[in-house]
Every structure is written in C-alpha cells, then in structure tokens.
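Student: All I have is the shape, not the residue letters:
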C-alpha cells in the first residue's frame, strides 16, 4: 500500500486495529519528528521522503492509497485575526499543489481503493474541485462518534462504507490521567474575567479579550474541541470543579486521537538511536495526525467487501 503525507503513520495503526494484514507499507513524509515516531513504532515501513520527488509509477497496482495533505492552507483557522497567512479558497495555492500529488499518485499507482482526508472548513469551491478530481463525494465524519474529541473531517473514498455507528459516549473525563503535577488553581486573572459558555469556560489572561483559544477550560462531562497542531499544552485545560483545573499531558491527547498510550513517547533518528521525544513535538505530531478509530472503521469495510 501507499501512504502520502504519512505523518506518524496513523493509517498504519488503523490497519492493525482493523485487523488487516499489510505486506508492504510505503510512506512519503518530510517532517523529521513525525518520521522518528513512526520509525520507532513501525521500523519496517519503507520511507521515501518528499511527495514531489516521484511520479509514483513504481507503485503501480497497490491495493490501497491513503493520504491527507496539510490542512492549514484551507482551514477556517486562517480566517481569524491572529492568523499570519490567509486561507486559500480556490485552486490557486499551495494546498491545491499538494493535493495534486495525491491525484497524480492515484492516477499512476491505480489503486484498488483510495482514501483522501482533509479539513471540513475548506471552501465549497475547493471541496467541489476535489470531488471532481477524485470522482466521489466526501463523507463528513465527526471524530466525536469514536472519541472524546469534536473533529469534523471530510473523507473522499471508493471504499463502500456503511452507516456511521452510534456515538460511543466517550467524554473528556474518560481520557484523563491522574497527574497531580498538572493540577492548577485559579488566580485573580481567571477569577475576574471568567465566563461560562456551553462547551467551555473562557477567561482573559493577557488582557486582550476573550478570543484566545489558549484561555479556555473544558468540561469533564462533555467532548473536547479539535486537537490543534501547536501550543496544545496551553490550549487544553480541563475544569475539575471549584477553582481547580488540569493541564493535559501527551497521553490524554493521544487518547483523543484514539492512538495507543505513549505511541509518541519515543522516536528513532536517522542513525538508529532511540530518543525520548520532547513534549511539544509529541503534541504537534498528534495534532497533525488522524483519529485512528475513524480510519479503522473505514478500513473495516474493505474486509467486508473482499
């Protein structure tokens, strides 16, 4: 099989979870930290680097092609006032160039099945253009069905999936670790500015208004928001009641993405040396990944139709 923009190989984890045997897994990825984590967990993956380094003809006849090109170019997060780069809303941009490599791989590898994933917040024009290129309409799946995280994503695939399952009912409280070092208490900045909303408590630590996602606490008995790709440690706080709250740890964020506990704890560098991954790099790698149980559910339909 062939995986583009492979990241930490969430697709490979999903294949295992769906009990699908993999003879050969070929991966394209350029992020060194993601590669280290993937290499530690799956040392036998064949790695090829940059998607722009090939035309994919050598992979002709693969059974499965998967990929989710970087979503930040099309995300609605690019619309807020703090975004450094503006959201791309048409097919003239870096996001489309990356997607075209998936199109090229699909054409030249001619897979039996394919799966392409990207952000729900893209413009209608881009969504329609992707559908035209791939020949299928997207399926909208919210990760909250499978985990404690609200994460809407679009999936274009020719795998004949059935009706989505019922919500498993997993909440924030179900993914928390017992770590006393991460428990904190309100200070005056929180007490004097906090506002209780439907899904979170917001407050203003910096005195710049309540728009910052970093100044929020989430409820134990609700779902968490989408895991971000940066500053996760400051953005994900959980209210424990009273004036007590908890900062999150990498294992909890892995659980939101339905990854195995400590999947991102270690990496192997290019010299074969095992190293513990910095916490910030773990958060970034997890946020860039897929919700594994969503992908596993899609893959299970491959077995049912073979």
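Tutor: Yep, that arrived. Owing to the predicted nature of the structure, the values given are computational and were not obtained by experimental measurement.
Student: where do the strands sit along the stretch 201-306 of the chain?
Tutor: For the stretch 201-306 of the chain, the strands defined by DSSP state E, counting those that start in this stretch occupy 216-219, 237-241, 244-247, 266-268, 274-276.
Student: Packing partners of the third one?
Tutor: I take that to be strand 244-247. Packing partners of strand 244-247 (3 or more C-beta pairs under 8 Å, 6 or more residues apart in numbering; DSSP states H and E): strand 183-185, strand 237-241. (Each C-beta comes from the backbone N, C-alpha and C, glycine too.)
Student: what does the last one give?
Tutor: In terms of contacts (3+ C-beta pairs under 8 Å, 6+ apart), strand 274-276 is packed against strand 266-268.
Student: which other helices and strands contact the strand it packs on?
Tutor: helix 32-41, strand 274-276.
Student: run the last query once more with 10 Å
Tutor: Strand 266-268 sits against helix 32-41, strand 274-276, helix 279-287, with contacts defined as 3 or more C-beta pairs under 10 Å, 6 or more residues apart in numbering; DSSP states H and E.
Student: ok, and what's touching the shortest one?
Tutor: Residues from elsewhere that reach strand 274-276, judged by C-beta atoms under 10 Å, 6 or more residues apart in numbering: 36, 39-40, 265-269, 282.
Student: Now the strands of the stretch 201-306 of the chain in a markdown table, please, with extra columns for distance to residue 168.
Tutor: Below are those laid out as a markdown table (distance: least, C-beta to C-beta, whole Å):
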| stretch | distance to residue 168 |
| --- | --- |
| strand 216-219 | 18 |
| strand 237-241 | 19 |
| strand 244-247 | 23 |
| strand 266-268 | 29 |
| strand 274-276 | 31 |
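Student: Residue 108: which of those strands is closest?
Tutor: Nearest to residue 108 among the strands of the stretch 201-306 of the chain is strand 266-268 (30.4 Å), distances taken as C-beta to C-beta.
Student: Sheet-wise, list the partners of that closest one with their directions.
Tutor: Using DSSP bridges, strand 266-268 pairs in its sheet with strand 274-276 (antiparallel).
Student: residues of the strand it pairs with that come out buried?
Tutor: By neighbour count with 16 or more other C-beta atoms under 10 Å, strand 274-276 contains no buried residues.
Student: ok, and the most crowded of the contacts of strand 274-276?
Tutor: Highest neighbour count within the contacts of strand 274-276, by other C-beta atoms under 10 Å: residue 282, with 27 neighbours.
Student: Thanks a lot, catch you later.
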